[in-house]
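J.: Could you work out the structure for the sequence below:
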Amino acid sequence: MTTPLRVLLVDDEELSRLRLRTLLADCVDPAAQVVGEAATAAAALHWLALHVADVVLLDIRMPGMDGLALAARLRAMPQPPRVIFVTAHAEHALAAFEVEAVDYLTKPVRRLRLQEALARVSQRLGSGGAATAPAPLAEPAPVVPVIVVHERGELLRVPLTEVLYLKAEQKYVTLRTAHRTLLLDESLAELEERLGRRFLRIHRNALVALDAVAALERRRWSDDRGEAETSEVWAVRIAATDEWLAVSRRQLATVRDLLAAEGL
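T.: The predicted model follows:
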């Protein structure tokens with residue numbers, strides 16, 4: 001880009017905004033110009049309804065709507081500005097990836113890292129076009145829900161439509177798709193709360209996608225240690241992998257009712 005990137009600063013701390021203005025003044029490839037500032041997400045939305053920015057430097061923890069929620073709202077705009085998170089809290093990196101942030105900078109920000117993030121914005125605008133006009137806020141656009149997985153130093157986005165089940169092991173949770181198995185750091189309880197009714201708790205250690213279940217049957221079952229003794233348990237069959245997962249007595253009635261409602 002030959003013209004400076006238009007930057008909106010969104011941070012409830014004035015000193016943080018001052019620091020970013022100083023750093024941006026020293027950025028040259030690409031150059032950047034601060035065209036607006038906001039101390040809250042609401043003020044940022046109001047500013048963007050009237051003005052144009054190419055990129056928003058966005059804090060996460062702010063009074064009222066936080067930065068992650070604001071980033072999700074920005075994605076609904078016809079010409080959304082790119083988002084670079086600038087925060088003191090490194091633990092939100094995975095969530096930032098889910099809302100398609102260009103980069104995630106932790107405070108105190110170094111000029112070199114900020115310059116690298118701006119270069120990514122410039123590259124994306126060069127291929128996809130810069131924002132051209134302010135647009136009214138709209139309802140969030142439909143997006144494919146995903147689970148973000150940290151795998152061998154990379155962040156992978158696994159669409160929920162591909163997830164067959166999630167099973168708690170000793171120190172991690174296994175995510176199973178038709179073609180691969182991945183490990184998650186989150187607890188099964190946290191995942192259940194996030195995923196909602198699309199997934200069914202069949203056991204204290206397992207969540208299953210409703211549309212992945214092909215049958216509920218009573219089967220002979222040996223425990224996980226592979227010992228010879230077996231017992232009869234209820235289990236669901238996962239269609240895509242032809243696996244059977246045990247259903248606990250506590251969850252059986254709920255599982256049976258929900259599957260019946262699905263026509264199984």
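J.: burial measure for residue 180, as a count.
T.: Neighbourhood size, residue 180 [other C-beta atoms under 10 Å]: 11. C-beta coordinates here come from the backbone N, C-alpha and C atoms, glycine included.
J.: Pull out the buried positions in stretch 5-16.
T.: 5-12, 16 (16 or more other C-beta atoms under 10 Å).
J.: before we move on, what about stretch 114-130?
T.: Residues of stretch 114-130 classed as buried by neighbour count (16+ other C-beta under 10 Å): 114-115, 117-119, 121-122, 125, 130.
J.: just stretch 67-76 next, same as before
T.: Neighbour counts using 16+ other C-beta under 10 Å place 67-68, 70-74 of stretch 67-76 among the buried residues.
J.: Likewise for stretch 33-48?
T.: For stretch 33-48, a neighbour-count test (16+ other C-beta under 10 Å) marks 34-41, 43-45, 47-48 as buried.
J.: With respect to residue 212, which of these is nearest?
T.: Lowest distance from residue 212 to the buried residues of stretch 33-48 (C-beta to C-beta) belongs to residue 41, with 36.9 Å.
J.: who touches that closest one in this structure?
T.: Residue 41 makes contacts with 10, 62, 64-67, 69-70, 73, as judged by C-beta atoms under 8 Å, 6 or more residues apart in numbering.
J.: Cross those residues against strands and list the overlap.
T.: Those of the contacts of residue 41 mapping onto strands are residue 10, per DSSP state E.
J.: Just the contacts of residue 41: which are in helices?
T.: Residues of those located in helices (DSSP state H): 67, 69-70, 73.
J.: Report the two of those separated the most.
T.: The distance between the two most remote of the ones in helices among the contacts of residue 41 (C-beta to C-beta) is 10.5 Å, for 67 and 73.
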